[in-house]
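K.L.:
Kindly generate the corresponding structure for this input.
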Amino acid sequence: MAGIFLRKGNEWAHGKMISITKVRVSPDLSSAKIYISIFPSNDQGIILESIHDHSSRIRFEIGQKIRKQLRIVPEISFFIDDSLDYIDNIDRLLKS
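P.N.:
Purely as a prediction, here's the structure:
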């Protein structure tokens, strides 16, 4: 997943750095929740919408990479991981 975002991330979020922070896959491998971090963090909603619009293409590329290992390609859904913003906020509060 990180390789796909490394190659294609600039198409979906020009000028932003997208990092995969966590991937949660269901036990039956039918769905995957992908948590992403976007830097700089402004316009996260617009970028998440753009990634959702391209999710079928992302799923196709995952399928191309894992087609010999898995029987099905999981349905993917994307979520913003705001833990870095939370840590930054806590750090700022402790300093003040």
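
K.L.:
Closest to the centroid, which residue in the chain?
P.N.:
Central residue of the chain (C-alpha atoms, centre = their mean): residue 36, 3.5 Å from the mean position.

K.L.:
Now do the same for that residue: its pLDDT.
P.N.:
Looking at residue 36, its pLDDT is 91.

K.L.:
which element is it on?
P.N.:
strand 31-39 (DSSP states H and E).

K.L.:
Sheet-wise, list the partners of that strand with their directions.
P.N.:
Sheet pairing for strand 31-39, assigned by DSSP bridges, gives strand 17-25 (antiparallel), strand 75-80 (parallel).

K.L.:
what's in contact with that strand?
P.N.:
1, 5, 13, 16-26, 44, 47-48, 51, 74-81, 83-84 (C-beta atoms under 8 Å, 6 or more residues apart in numbering). Placement of C-beta: from N, CA and C, glycine included.

K.L.:
Any of those buried? List them.
P.N.:
Neighbour-count burial (16 or more other C-beta atoms under 10 Å) is assigned, among those, to 5, 13, 16, 18, 20, 44, 47-48, 51, 74, 76, 78, 80-81.

K.L.:
Just put these in JSON lines and tack on distance to residue 89.
P.N.:
Below are the buried ones among the contacts of strand 31-39 laid out as JSON lines (distance: C-beta to C-beta, whole Å):
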{"residue": "5", "distance to residue 89": "25"}
{"residue": "13", "distance to residue 89": "23"}
{"residue": "16", "distance to residue 89": "20"}
{"residue": "18", "distance to residue 89": "21"}
{"residue": "20", "distance to residue 89": "22"}
{"residue": "44", "distance to residue 89": "15"}
{"residue": "47", "distance to residue 89": "20"}
{"residue": "48", "distance to residue 89": "20"}
{"residue": "51", "distance to residue 89": "24"}
{"residue": "74", "distance to residue 89": "33"}
{"residue": "76", "distance to residue 89": "29"}
{"residue": "78", "distance to residue 89": "23"}
{"residue": "80", "distance to residue 89": "15"}
{"residue": "81", "distance to residue 89": "14"}
